[in-house]
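Engineer: Generate a structure from the sequence data that follows.
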Amino acid sequence: MSEQLTQTQQQEQQALAEQQRAEWVRNQYQAANRYLAGLGIVPDNVAVTESCYLPPLVALWKLNTRDKKSYWVISGDLPTDHMPYSAAATARDAMRSFSLNWQLKAEKIVTSESIDKTQQDFANLLVARAQGLYELFEDDSLWQGQSGA
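Structural biologist: Prediction:
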């Protein structure tokens with residue numbers, strides 16, 4: 001009896017974990033769409049097979065717009081950002097590009113003549129997240145079997 005209960009509890013926990021993962025992915029997709037819309041870019045659909053997500057850290061979306069353009073949009077436990085799809089051939093390449101771009105942005109902030117604490121904190125956040133993204137980019141096990149690799 002207790003073995004059955006344990007098995008049922010495990011199934012319930014797994015179902016809950018899958019539900020939480022799906023909710024996180026949905027929230028990140030909505031965040032990416034809101035971000036682009038805030039820039040005046042109207043998303044039309046997502047290229048699911050080219051996008052990738054690693055809950056609860058990062059989601060990387062290939063979003064297509066109504067005017068037939070495509071963008072990589074990154075969201076998650078990091079600043080939401082975008083780049084033209086043409087800047088990276090795959091989600092993995094896009095992750096590396098965001099990492100390098102954020103390191104450059106952070107350097108530009110730090111070397112500016114007038115920098116306040118908020119800007120310094122943002123630069124530090126960019127550097128930390130850029131390093132994390134690069135580690136994810138380098139981890140071959142994360143990209144095996146993914147078309148976005």
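Engineer: Give me the pLDDT value at the closest residue in space to residue 67 that isn't next to it in sequence.
Structural biologist: Once flanking residues are discounted, residue 67 sits nearest to residue 42: 7.6 Å by CB to CB, 6 or more residues apart in numbering. For every residue, glycine as well, the C-beta is placed using N, CA and C. We note a pLDDT of 92 for residue 42 in this prediction.
Engineer: Check residue 2 too.
Structural biologist: pLDDT at residue 2 comes out at 52.
Engineer: longest helix of this protein?
Structural biologist: helix 2-38 (DSSP state H).
Engineer: Figure out how far that helix is from the centre of its chain.
Structural biologist: The chain centroid and the centroid of helix 2-38 are separated by 17 Å, computed with CA atoms, centre = their mean, to the nearest Å.
Engineer: Please name every helix or strand in contact with whichever helix or strand comes after it.
Structural biologist: Next along the chain after helix 2-38, taking DSSP states H and E as the criterion, comes strand 43-46. Secondary-structure packing of strand 43-46 (3 or more CB pairs under 8 Å, 6 or more residues apart in numbering; DSSP states H and E): helix 2-38, strand 58-65.
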